[in-house]
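**Student:** build me a model:
(one chain, ligands or ions: 1)
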Amino acid sequence: MTTDSDAIAWVQALQARGVRLKAHGKKGLAMVPKSAYGEMSPDERATLKRHKATIVAVVKGGHYAPAAVESMAAKAPPAPCKFCYRAPCIGESHELYDALHPLSEKQQFERRIARWEKDLREMKIRQAYDLPSSTWDL
Ligand SMILES: [Zn+2]
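**Tutor:** Next comes the predicted model:
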């Protein structure tokens, strides 16, 4: 780990526990609540000792807030659908879905079967009532 990532991880770990950090003077660091100093683990204490200057710089820079970083990532919109260019996709219940999206092989098969069944039903009705074919005889 680099000094920077150690320092940022340290700041994030303390913030995750609800500790607020403030740069104090030139090289000082204030913790709210003050008891947080005593609650640090030996590792955290060592990290603070080793990287104090970097930690103060990180706190001063204010570019450590993990919540802000994560919420930015979470808010990034999902990739748009490659057919309707909407994010998220308009969905199968939308009336333009079929026009914008290609059919899967299963959908093509199901529609072909449905068309044949409809044609067959119509043919049986025509035969029952002795009606001519619906196609033109040229
Ligand atoms: Zn779509």
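**Student:** okay, now the unreliable bits of the chain?
**Tutor:** The model of the chain has pLDDT under 70 over residues 1-2, 63-74, 136-138.
**Student:** would you mind listing what in it touches the ion?
**Tutor:** 81, 83, 84, 89 (Cβ under 5 Å from the ion). For the C-beta atoms, the positions are set from N, CA and C on the backbone; glycine is no exception.
**Student:** wait, the first one sits on residue 94?
**Tutor:** If I follow you right, that is residue 81. No - Residue 81 lies out of contact with residue 94 (Cβ atoms under 8 Å); the separation is 11.0 Å.
**Student:** look up phi and psi at residue 97.
**Tutor:** phi -60, psi -50 (degrees, to the nearest 10).
**Student:** likewise the one 4 residues further on?
**Tutor:** Reported as degrees, to the nearest 10, the phi and psi values for residue 101 are phi -110, psi 140.
**Student:** what number of residues lie near it?
**Tutor:** 18 (other Cβ atoms under 10 Å).
**Student:** nearest residue to it other than its sequence neighbours?
**Tutor:** Leaving aside its sequence neighbours, residue 101 sits nearest to residue 83 (Cβ to Cβ, 6 or more residues apart in numbering; 4.5 Å).
**Student:** show me how far the helix or strand that contains residue 114 is from its chain's centre.
**Tutor:** Assigned by DSSP states H and E, residue 114 belongs to helix 105-128. Computed by Cα atoms, centre = their mean, to the nearest Å, the chain-centroid distance of helix 105-128 equals 42 Å.
**Student:** much appreciated, bye for now.
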